[in-house]
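Asks: sequence first, predicted model second:
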Amino acid sequence: MSRWFVLGAALLIGGGPLSFMSCQSPALTAGKLYLKQQKFDLALQQLELAVSQDSTSADAYYHLGRAYGLAGYHIDMVVAFDRSLTLSSKYEERISAERLHYWTRMYNDGVRIAAMSHPDLVRASGKFRLATKIIPDRLQAWRNLGLTLYRIGEFDDAISSFEFVTQFAQSDTASLNALGTLYLGESRDAEAIAQFEKALVHGEQLVTLTNLAVALSRVGDLAAAEETYRRALVTDSTHWQSYYNLGSLYWQQSRFVESVEAFEHAVRLNPVDVDARYNLAVAYLGLNRMDDAFPLLETLSLDMPDNGLIWRELGRAYANRGLDAESAEAFAKASALGQ
């Protein structure tokens, strides 16, 4: 008997009886056990009960977050983990590791789905979106989310994704260009110009310069647009699109000779492009250079047989050459097409 009294006394001297606060709640204990047994529904029931009984328990919220993650409820997992961290930093390292695990899984799933021969981009975007919720400051998921949203036509959300990226990665030229291009597509030209100019701080890029010039043209700054197209041609003297756009820019300003020269460059560099040949033919006609326009009109009538304007101008060209039958036939085709 005395032995037991001595042991009890030793316990009292060592710090007194255990307090109720140090005891784990039955619900938390059961929830952790069910987690080990991979009975996730039962674990969730017990752990949700545990946090309802004690909303200040960082332990309960941490294990609830684990249960949500294992059960596939990733947004609820994030909420539970965040709550645990506001209560204590005890599980900070474990939570970081758990989040990275699920972020990596969601991100890699999104990449895999987007890279399939028949990609399900809606599903891929869902994976990337989940990744951004799990670890918001890992920007790779935001970039890929923006790209997939762009490809499925959800432009407003794509813009929001790239705005988030560029807020934190101001030297990310790919994201700056993507955001500028999205703004351009939505006719938010001033905002597009700002993004393209930020990207160009880090080096002259052909596509960026071309898009910047388009945006400058739209806002009416034609001198700056022309100078930007010239910069693009310094970057790549074979860029036929810059010559094509310069031709249109000059035509808009009634600089017809320069317009013809620019379109000629474009056609030499890309002789199969129908629009370049068509605009060159129109520019020749504007300068009354019928002989130069004639061969272009003949080939265009084969490439664009439903274009009434081409048949009408070809009718004029035939008449100018004394080819009355051909002229009459061309005018008849133009009339049938509403010209």
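Replies: Structure's in. What do you need?
Asks: how's this protein carved up into domains?
Replies: Listed by automatic domain parsing, the domain ranges of the chain are 27-90, 289-339.
Asks: make a markdown table from the ones you listed and add mean pLDDT and mean neighbour count to it.
Replies: For glycine as for every other residue, the C-beta is placed from the backbone atoms N, C-alpha and C. Below are those laid out as a markdown table (pLDDT from 0 to 100; neighbours: other C-beta atoms under 10 Å):
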| stretch | mean pLDDT | mean neighbour count |
| --- | --- | --- |
| domain 27-90 | 96 | 18 |
| domain 289-339 | 92 | 16 |
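Asks: tabulate those domains (TSV), appending distance to residue 193.
Replies: Below are these laid out as TSV (distance: least, C-beta to C-beta, whole Å):
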stretch	distance to residue 193
domain 27-90	37
domain 289-339	33
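Asks: which one of those domains lies closest to residue 217?
Replies: Closest to residue 217 of these, according to C-beta to C-beta: domain 289-339, at 23.6 Å.
Asks: okay, and residue 220 sits in which element?
Replies: Element membership of residue 220, judged by DSSP states H and E, is empty: it is in no helix or strand.
Asks: now residue 228: closest residue in space, sequence neighbours ignored.
Replies: Using C-beta to C-beta, 6 or more residues apart in numbering and skipping residues adjacent in sequence, the residue nearest residue 228 is residue 213, 3.9 Å away.
Asks: wait, I meant residue 100
Replies: residue 135 (6.9 Å).
Asks: what's the burial count for the one you found?
Replies: 19 (other C-beta atoms under 10 Å).
Asks: quick one: contacts for it?
Replies: 99-100, 103, 141 (C-beta atoms under 8 Å, 6 or more residues apart in numbering).
Asks: drop anything exposed from these.
Replies: 99, 103, 141 (16 or more other C-beta atoms under 10 Å).
Asks: quick one, longest helix in this protein?
Replies: helix 92-114 (DSSP state H).
Asks: all strands for this structure, in order.
Replies: With strands called from DSSP state E, the chain shows none.
Asks: leaving out chain neighbours, which residue sits closest to residue 271?
Replies: Looking at residue 271 with C-beta to C-beta, 6+ apart, the closest residue is residue 277, at 7.5 Å.
Asks: just the pLDDT for the one you found.
Replies: Turning to residue 277, the model gives it a pLDDT of 95.
Asks: separation between the closest residue to residue 226 other than its chain neighbours and residue 239?
Replies: Of all residues not flanking residue 226 in the chain, residue 249 sits nearest, at 5.9 Å (C-beta to C-beta, 6+ apart). The spacing between residue 249 and residue 239, counted by C-beta to C-beta, to the nearest Å, is 15 Å.
Asks: what's the answer for residue 265, then?
Replies: 10 Å.
Asks: do residue 211 as well
Replies: Distance from residue 211 to residue 239, by C-beta to C-beta: 13 Å.
Asks: likewise residue 200?
Replies: 16 Å.
Asks: now the end-to-end length of stretch 188-208.
Replies: This stretch, stretch 188-208, spans 16 Å end to end (C-alpha to C-alpha, to the nearest Å).
Asks: next, the buried residues of it.
Replies: Quick answer for stretch 188-208 (16+ other C-beta under 10 Å): 188-189, 191-196, 198-200, 205-208.
Asks: and if you look at stretch 282-290?
Replies: Neighbour counts over stretch 282-290 (16+ other C-beta under 10 Å) mark 282-285 as buried.
Asks: just the ones of those in helices?
Replies: 282-285.
Asks: could the residues you listed go into CSV alongside pLDDT and distance to residue 222?
Replies: Shown next, in CSV, are these (pLDDT from 0 to 100; distance: C-beta to C-beta, whole Å):
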residue, pLDDT, distance to residue 222
282, 91, 20
283, 94, 18
284, 94, 23
285, 90, 23
